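prediction below, plus the sequence it came from.
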Amino acid sequence: MLQKGEEEMNLIDKFNLEKPFYETSAFNKGVEFIKSDGKILCLVGRWGSGKRSTAKQVYVAATNSSPIMISDPLTLDVTEHYEPIIVDLTLSIEISESEKKNLSEKIHMLFENMSSSKTYTKAFIIFLMVEDRENIDVPISKELVQCYFEIVL
């Protein structure tokens with residue numbers, strides 16, 4: 001069940017699983033990272049650079065299912081999710097320290113949920129961020145830092 005701030009993309013209408021429409025070096029690096037057990041993928045770029053399209057295609061290539069987009073990470077209900085997600089931080093102007101801590105705890109819990117799920121073989125989150133971000137950092141725990149990769153589009 002999708003909650004406020006979430007959208008499920010229609011796989012049939014939007015994507016062709018046989019031939020990615022957005023096959024670029026960013027797409028290839030993202031898929032390679034996820035398939036090599038990467039956990040946190042950040043796509044960083046200017047408005048209109050293709051972050052969202054690339055993220056959707058990486059998600060489909062890694063899971064063979066419709067992407068789940070979270071447009072407001074602060075409203076993410078991790079008790080509902082046991083699958084990878086795409087988190088759009090492009091509209092987040094500033095996240096307070098307490099919100100970062102809360103989001104970090106949610107990310108940790110989401111990874112625990114995904115690890116216990118039998119549905120998906122890969123546990124990952126894709127973050128979308130604008131290039132000129134000032135106060136937005138991905139709040140990840142120390143154990144996930146080694147599984148973090150950033151691609152600038």
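Looks like it arrived, so ask away.

what is the end-to-end distance of stretch 61-76?
24 Å (Cα to Cα, to the nearest Å).

residue ranges for the strands of the protein, please.
Taking DSSP state E to define them, one finds strands in the chain at 6-8, 40-45, 68-70, 85-88, 125-130, 148-152.

who are the packing partners of the third one?
Where contact means 3 or more Cβ pairs under 8 Å, 6 or more residues apart in numbering; DSSP states H and E, strand 68-70 is packed against strand 6-8, strand 85-88. Quick note: C-beta positions are derived from backbone N, CA and C, even for glycine.

partners of it, with directions?
Paired strands of strand 68-70, with direction, are strand 6-8 (antiparallel), strand 85-88 (parallel) (DSSP bridges).

kindly report the same for the last one.
According to DSSP bridges, strand 148-152 forms sheet pairs with strand 40-45 (parallel).

please apply the same query to the fifth one.
Here the strand partners of strand 125-130, with direction, are listed using DSSP bridges: strand 40-45 (parallel), strand 85-88 (parallel).

number of residues surrounding S98?
Using other Cβ atoms under 10 Å, S98 has 8 neighbouring residues.

what's the span of stretch 61-72, first residue to last?
Its first and final residues considered, stretch 61-72 spans 24 Å by Cα to Cα.

what's opposite the spatially most central residue of the chain in the beta bridge?
Nearest to the centroid of the C-alpha atoms of the chain, with distances taken as Cα atoms, centre = their mean, sits I126, at 1.9 Å. Beta-bridge partners for I126, by DSSP bridges, are L41, I86.
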